[in-house]
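**Q** how does the following fold in three dimensions:
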Amino acid sequence: MAQVSIVLVGHNSEPFLKSCLQSLYFQTFKNIELIFIDNNSHGNSTNLIKNLFPEAKIIKNKMNLGFGKGNNQGINIATGEYILTLNCDVELDKDFLLKLIEVFQRINHKQKIGMLTGKILRKDKKTIDSAGLILTKFRRFYDRGNNKLDKGQFNKEEDVFGPCAAAALYKRKMLEDIKTGQEYFDEDFFLFVEDR
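**A** Coordinates of the predicted model:
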């Protein structure tokens, strides 16, 4: 059984999928399984997956079912103790999984933590996309640091309300505790805010 199941949901993701897959291939943490949900893509996405990860599980949908439902499909067949949801255009640092697993193992016996994330930068590697989600007193969510220049301001461990699902590591037990029926992500949200 893999310790981390990585769920990639793609729809016509081929132009940026190769970089994402290479970042997974070179992870220092190796106990993974890859699950690719193909939301009716055109092109060669599944072949790219099979070339680097011949053992990957692939589900080919006949229509684009959206990000939430695609992730639910992947999580439902995952075997890992941890689930990483990952956007196809994200490139992970080589130690991303190793560092997050180490955090879970180091602090989980003291606190009940169900999800972690790292700092997500945009393609320019200078601008922050998300450093975790914050919930305001008005019950609105936002991504910490969004659109700000990265000056190291989110480089230490901190509590956040939750992770952005573009690169979020969830403890499987937590997901099982919160699911409704077969839904971990709310399928009423086709795309955007389904992770909140």
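**Q** can you pull out the strands in this structure?
**A** Counting by DSSP state E, the segments of the chain that form strands are 4-10, 32-39, 57-61, 82-87, 115-117, 120-121, 128-130, 133-135, 141-143, 167-171.
**Q** ok, and what's touching the third one?
**A** Here strand 57-61 makes contact (C-beta atoms under 8 Å, 6 or more residues apart in numbering) with 33-40, 46, 49-50, 70, 73-74, 77. All C-beta spots, glycine's among them, are computed from the backbone N, C-alpha and C.
**Q** and with 10 Å instead?
**A** The contact list for strand 57-61 (C-beta atoms under 10 Å, 6 or more residues apart in numbering) reads 5, 7-9, 11, 33-41, 45-46, 49-50, 65, 69-70, 73-74, 76-79.
**Q** and the residue most central in space within the chain, how far is that from Lys126?
**A** By C-alpha atoms, centre = their mean, the chain has its centre lying nearest to Thr85, at 2.2 Å. Between Thr85 and Lys126 the computed distance is 24 Å (C-beta to C-beta, to the nearest Å).
**Q** again, but for Val7
**A** Applying C-beta to C-beta, the value for Val7 to Lys126 is 28 Å.
**Q** what about the two, which has more around it?
**A** Val7 (27 against 11; other C-beta atoms under 10 Å).
**Q** beta-bridge partners for that one, please?
**A** Ile35, Thr85 (DSSP bridges).
**Q** kindly report the same for Ile120.
**A** With DSSP bridges as the rule, Ile120 is bridged to Ser130.
**Q** contact partners for it?
**A** 87, 90, 92, 128-132, 143, 145-146, 163-164, 166-168.
**Q** could you work out the most separated pair of the residues you listed?
**A** Greatest spatial distance among these (C-beta to C-beta): Leu92 and Asn146, at 19.4 Å.
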